[in-house]
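Undergrad: sequence below, structure please.
(2 chains)
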There are 2 protein chains.
Amino acid sequence: MSGFRVPRRDQQFLVHQLFDFATQYQQFRNREVPSIELIDAILDESAKFSEQVLYPLNASGDQQGCRLEDGRVIAPDGFAEAYQKYIEGGWASLPGEPEYGGQGLPYSLNLLCTEMRTTANHAWDMYPGLSHGAISALQAHGSDEQKALYLSKLLSGHWTGTMCLTEPHAGSDVGMLRTRAEPEADGSYRISGTKIFISAGEHDLAENIVHLVLARLPDAPPGTKGVSLFIVPRHLPDSDGNPGPRNAVHCGRLENKMGIHGNATCELHFEGATGYMVGAPNKGMRAMFTMMNTARIAVGVQGMGNAEAAYQQALAYARERLQMRSLTGPKNPDGPADPILVHPDVRRMLLWQKAFIEGSRALAYYAALQGDIAEFGASEDVRATAQARVDFLTPIVKGFLTEAGLVSVNHAVQVFGGHGFIRETGVEQYVRDCRITLIYEGTTQIQGLDLLGRKTLLDQGRTLKGFAEDLHKLAVDCRETHSDYADQLNALSRDWTALTDFLGERALQNPDEAGAAAVDFLMFSGYALLAYFWVQMSIRAGELLQQTPDDKFLQGKQATAAFYMSRMLPQAEAHRQAILAGGDTLLASADAAFEDD
Amino acid sequence: MSGFRVPRRDQQFLVHQLFDFATQYQQFRNREVPSIELIDAILDESAKFSEQVLYPLNASGDQQGCRLEDGRVIAPDGFAEAYQKYIEGGWASLPGEPEYGGQGLPYSLNLLCTEMRTTANHAWDMYPGLSHGAISALQAHGSDEQKALYLSKLLSGHWTGTMCLTEPHAGSDVGMLRTRAEPEADGSYRISGTKIFISAGEHDLAENIVHLVLARLPDAPPGTKGVSLFIVPRHLPDSDGNPGPRNAVHCGRLENKMGIHGNATCELHFEGATGYMVGAPNKGMRAMFTMMNTARIAVGVQGMGNAEAAYQQALAYARERLQMRSLTGPKNPDGPADPILVHPDVRRMLLWQKAFIEGSRALAYYAALQGDIAEFGASEDVRATAQARVDFLTPIVKGFLTEAGLVSVNHAVQVFGGHGFIRETGVEQYVRDCRITLIYEGTTQIQGLDLLGRKTLLDQGRTLKGFAEDLHKLAVDCRETHSDYADQLNALSRDWTALTDFLGERALQNPDEAGAAAVDFLMFSGYALLAYFWVQMSIRAGELLQQTPDDKFLQGKQATAAFYMSRMLPQAEAHRQAILAGGDTLLASADAAFEDD
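TA: Residues are numbered from 1 along each chain as shown, chains lettered A, B, ... in the order given. Model prediction:
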């Protein structure tokens, strides 16, 4: 297994040369404005932590997994020690409110650190990662007292958080949950019920765990309108805010999973546990979406991170593995064969991975920046536009980066041939780990419905048309220098708008038509946005190459853009044609299809 | 985990109602001609064996895996007992030469039995499965003495076979292998070297194992022209043909793999082992291709089999799992929610699986029938045409059925949501097991080069144009009744031919252009052929529905055809556009793309 190196050059290209984070940050209100130097220092330090502390625990964590002993969960060797270093490094508090011990730095900067950690060790990063959703929910909906007590502990990293939504009979259908919350005289609640698939639900990394639990009050209306959110700490805080008596919540089992073995996926039993309501009664779904939206971008980045780590291994292998000669004559005449990198389809698979990863990285950073602007932008208009944009992009980042991420990690395995199927090679772990990203925090199917229904059709297509207009503007800008790209961008802009109008009409007649198109629409949108960012990156690389014409990184950007536009973008057309074919063949008329005798 | 049922109705539809195997068989020379009743009796018996004996060992075999103890390999519990039943049932000898104890039945009939077994238990079926390659090689290239001794043991099932090709530094590049064969005075050879990734290379299911080993004679020319094939039995046969003394071959390690845990993947050390040459010196590659071609269709069927088993589980789950209401109003008003089968994208994923599986089944059966005709057809012309057809189809069956099979099993996992990621659910095993099918017996990349280079361009496109002509003829035939399908078939026929001409010209200028297009060309060909079979199946179902208008199976065929043609076939267009974009962006010009700093 080769090592792992954070792609710092690509990150810097995006942060400084494409998006210019530092200048963007200067316009923020209520936020620390880091200098370019500080940004780089933070990212360098984060890279070191990810490469040197987390990556070495990735394969061993997968092999060892977690153990449940007498209700205690023991994470793989080294995980707890790495978490101590995480606390000491101050990584937990990076984006938090300074009032509660946070460093007040932008979310977009934090996302890069998250990206490095999850790329180095997906399973490990889920322990601190789940805290972010809890932090967001408490920042947005917690009382001052709750913030003072819980938020500060989460931001210091001494406590971690969870999101307790799923029950055996209630997955995507959150409204079906049955966990009960009965009010006590002292204002607290007694929480009873069983939650499943709780990531980092129990572990030995931190002294306390703050469960954020969706439950129903006794008089709650049915469905999602009767769901409230509660804080249920594993240990009830004592008067000094330190972990006190054990609360009535315990881990009944650990799931045996396909991947992310290093993370504890728990079944949690709440048996009259003491809880405290967050926000208003029956308004738990709002708080859940606050948690979810934070988490969804992070999950998209997990998909991309698995792809990045697997790509690095595949590229290194393709350079060293010698098999057969190039069809155009030996490229390594002194060796017994040529490196497999010379074989066109090996290059195709590697370029596919690279084009997906780097395009997705641009998309994810852009989305995170919109998230910052939505909160800290200078004017209400600027904030509202950015909010609409990040809302629109979130299901695409979650859905597209995980779906294409799975294709990408499979390409990496394929580059290894038979060796890719062997566990000690290390690359197959990424397929197993990546697989969950298409499912948790809302499946691709849920993301598709969110994008097409809530974020596009309910929005009358306004935000989408803003993006389509951006593609068109970029086409106009590059018409002289990149006429092929301009034509492609114009076609995408037109098609994206036309698909939206088409689906708006169909969905009016039959709402299932939206459901039948949603995932294809999400994938089309992902490919269209990656084209938008690839053309921008190619243009920017061209500008920079005027100063440094031999810079291979920048030449590589142009070459990869060309590959993306000619060899990957045709996928968008397949999704478009599938959408235009409509939903008839998979809706009611097809019931017979599932009868096979 | 739900049970597994062999899709007998679909098999019967293809065998009797679409391809009419029985009538085809009547034209064979030198072959037993089974009646319709015998065909059905064999298939029913095979279904029973697969469902009742093999399937119950699938999940337990995955969990338990194989053990290596003192050089002996112990397969999972129940595997050896199941193998005894396989021998007793006479399954090993079904298609073999009667002269050596075979039943002389057609290969295509045997393929259905193989399909059932591998669908029920992929890892188990690889123990007898590897024998087929050895049987083919011995039938084609073995001496009469070798046949009498080894072939009869393989056909009875008492001994199993292996294919020992790969070495640590020689995978796809077979010509780089170093295993040595030194002639002895008695006409035997001493074989020395290390082979890796040998499936069923050591196990406790049979009393002896016949390794077919590629090795080099001392004076052999370099590369593939210096490779010879040897029989190396684990136990040297005594004068009665029973297993005698242990030969100098042993298993040094078992690989720890992503999937197919129930099958032993061995590193074999040959330390001056006694071997016997098969065929002529330095002609081992011919014999290898004989083994490979048999195996490649079987591996394609493994991809499809994993998809079938996973689909059955996903469909059952989608019927029983209740989550959310249909967007068009409750479909299960008395229950707490609707079955997820009502949600359009769940239906899309299920129909995708069904359309892939049933279309691929038709393709695989057709290919197997061509294989029979190539050997037993009544005239030389008939045999030659069929040989060209099966040669052309083999890389497509191998490549397309495994690549799309992996997509299919991932759809099945996705239908299960979070539960799909849990090992005890059982469906994630199919993703892990299926993954190897894209790699072994020649990766998808090797299949692409075989299809485009050897089977298409070297053939001057003759065979391909025969298929394209078939598509066109079908279009003419169905113009009146299915004008949409006719248009689509005509376009595919034109595009397929045009792509071939396009690639022939490009490859003349630069052979790497063929490599750059090969996998997209393979995938396009797969989608085109599935369209051809789906239209045929739809038409045939329509004819049969005139007698039984309420037959849901037949209605389902029509509905699934409609889904395939409108929602899956657009993928062909994406592959076509990628091919037409040429290879420039991934060949030499893109070297910089892989430099990232």
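
Undergrad: contact residues of the stretch 51-200 of chain A facing chain B?
TA: Contact residues of the stretch 51-200 of chain A with respect to chain B, defined by Cβ under 8 Å from any Cβ of the partner chain, are listed as A:166, A:169-173, A:176, A:196-197. Every C-beta, even on glycine, is put in place using the N, C-alpha and C of the backbone.

Undergrad: rerun at 6 Å
TA: The stretch 51-200 of chain A has residues A:171-173, A:197 near chain B, with proximity defined as Cβ under 6 Å from any Cβ of the partner chain.

Undergrad: which one of those residues is nearest to residue A:390?
TA: Within these, proximity to residue A:390 (Cβ to Cβ) peaks at residue A:172, which comes in at 22.3 Å.

Undergrad: what about the host helix or strand of residue A:353, average pLDDT?
TA: Mapping residue A:353 onto the secondary structure by DSSP states H and E places it in helix A:344-376. Summarised as a single mean, pLDDT over helix A:344-376 is 97.

Undergrad: and the helix or strand that it is followed by, what other elements does it pack with?
TA: Beyond helix A:344-376 in the direction of the C-terminus, DSSP H and E gives the next helix or strand as helix A:380-415. In this structure, helix A:380-415 makes packing contacts with helix A:284-320, helix A:344-376, helix A:428-434, helix A:444-449, helix A:512-545, judged by 3 or more Cβ pairs under 6 Å, 6 or more residues apart in numbering or on different chains; DSSP states H and E.

Undergrad: just put those in TSV and tack on distance to chain B and mean neighbour count.
TA: Listed next are the helices and strands packed on helix A:380-415 as TSV, based on distance: least, Cβ to the nearest Cβ, whole Å; neighbours: other Cβ atoms under 10 Å in any protein chain shown:
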stretch	distance to chain B	mean neighbour count
helix A:284-320	6	25
helix A:344-376	3	25
helix A:428-434	4	27
helix A:444-449	4	25
helix A:512-545	3	23
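
Undergrad: to residue B:254, which of the ones you listed lies closest?
TA: With Cβ to Cβ as the measure, helix A:428-434 is the member of the helices and strands packed on helix A:380-415 nearest residue B:254 (16.2 Å).

Undergrad: return the distance of that closest one from the chain's centre.
TA: 15 Å (Cα atoms, centre = their mean, to the nearest Å).

Undergrad: what does stretch A:253-260 give?
TA: Its chain's C-alpha centre and that of stretch A:253-260 lie 20 Å apart, by Cα atoms, centre = their mean.

Undergrad: how far does that stretch stretch from start to finish?
TA: The stretch stretch A:253-260 measures 16 Å between its terminal residues, going by Cα to Cα, to the nearest Å.

Undergrad: got the contact list for that stretch?
TA: Judged by Cβ atoms under 6 Å, 6 or more residues apart in numbering or on different chains, the contacts made with stretch A:253-260 from elsewhere in the structure are A:66, A:68, A:123, A:264-265, A:267, A:432-433, A:435-436, B:421-423, B:428.

Undergrad: so which bits of it are buried?
TA: Taking 16 or more other Cβ atoms under 10 Å in any protein chain shown as the neighbour-count basis, stretch A:253-260 is seen to contain the buried residues A:254-255, A:257-260.

Undergrad: could you give the mean pLDDT of it?
TA: Rounded to a whole number, the mean pLDDT of stretch A:253-260 is 98.

Undergrad: run a quick neighbour tally on the one residue in the stretch 101-250 of chain A that gets nearest to chain B.
TA: Here the stretch 101-250 of chain A gets closest to chain B at one residue, residue A:173, 4.0 Å apart by Cβ to the nearest Cβ. Other residues within reach of residue A:173, judged by other Cβ atoms under 10 Å in any protein chain shown, total 21.

Undergrad: which ones are touching it?
TA: Residues in contact with residue A:173, defined by Cβ under 6 Å, 6+ apart, are B:323-324, B:337.

Undergrad: please apply the same query to residue A:445.
TA: Neighbours of residue A:445 in contact, by Cβ under 6 Å, 6+ apart: residue B:345.

Undergrad: coming back round to it: sort out for me which of the residues of the stretch 51-200 of chain A next to chain B are in strands.
TA: When those are checked against strands using DSSP state E, the ones located there are residue A:197.

Undergrad: CSV please, covering the residues of the stretch 51-200 of chain A next to chain B and showing pLDDT.
TA: CSV is the format used below for these (pLDDT from 0 to 100):
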residue, pLDDT
A:171, 91
A:172, 89
A:173, 92
A:197, 97
